[in-house]
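**Student:** Sequence and computational prediction follow.
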Amino acid sequence: MENITNTYFDERITIIPDVCNGQPTIRGKRITVQTILEFLSAGENHQEILRQYPSLDNEDIYACLKFATRLMASKYVVEITA
């Protein structure tokens, strides 16, 4: 199977099928966008996230927020099943 990489936001957010089960990650690292968003939603500040993930920088965190914002701008269909 061909390994296709999709990149977004200045190549900071990547989707690689073989990395983290295809979840969006930061620059192909095994740090998912979801992980960073969960830290932010728990009230962690940028400095604490960067301390825990020293290979990241502030622009990576902002790219996660931009990516999530772009996803929320999409149209969704909710199917209700019994």
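**Tutor:** Sure thing, it's come through.
**Student:** which stretches of this structure aren't confidently modelled?
**Tutor:** For the chain, applying pLDDT under 70 flags the ranges 1-3.
**Student:** What segments of it are strands?
**Tutor:** Per DSSP state E, the chain carries strands over the ranges 6-8, 13-15, 25-26.
**Student:** do you know how far the residue nearest to the spatial centre of the chain is from residue 76?
**Tutor:** A centroid search over the chain (Cα atoms, centre = their mean) returns residue 33, at 2.0 Å, as the residue closest to the centre. Using Cβ to Cβ, to the nearest Å, residue 33 is found at 18 Å from residue 76. All C-beta atoms are positioned from the backbone trio N, CA, C, and that covers glycine.
**Student:** remind me, longest helix of this structure?
**Tutor:** The single longest helix within the chain, with elements called by DSSP state H, is helix 58-72.
**Student:** Give the buried residues for it.
**Tutor:** Residues of helix 58-72 classed as buried: 60-61, 63-64, 66-68 (neighbour count, 16 or more other Cβ atoms under 10 Å).
**Student:** out of these, which one sits closest to residue 49?
**Tutor:** residue 61 (6.2 Å; Cβ to Cβ).
**Student:** Tell me who's in contact with that closest one.
**Tutor:** Residues near residue 61 by Cβ atoms under 8 Å, 6 or more residues apart in numbering: 36, 40, 46, 49-50.
**Student:** Quick check: PyMOL command selecting the buried ones in those.
**Tutor:** To isolate the buried ones among the contacts of residue 61 in PyMOL, judged by 16+ other Cβ under 10 Å, type:
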select buried, resi 36+40+46+49
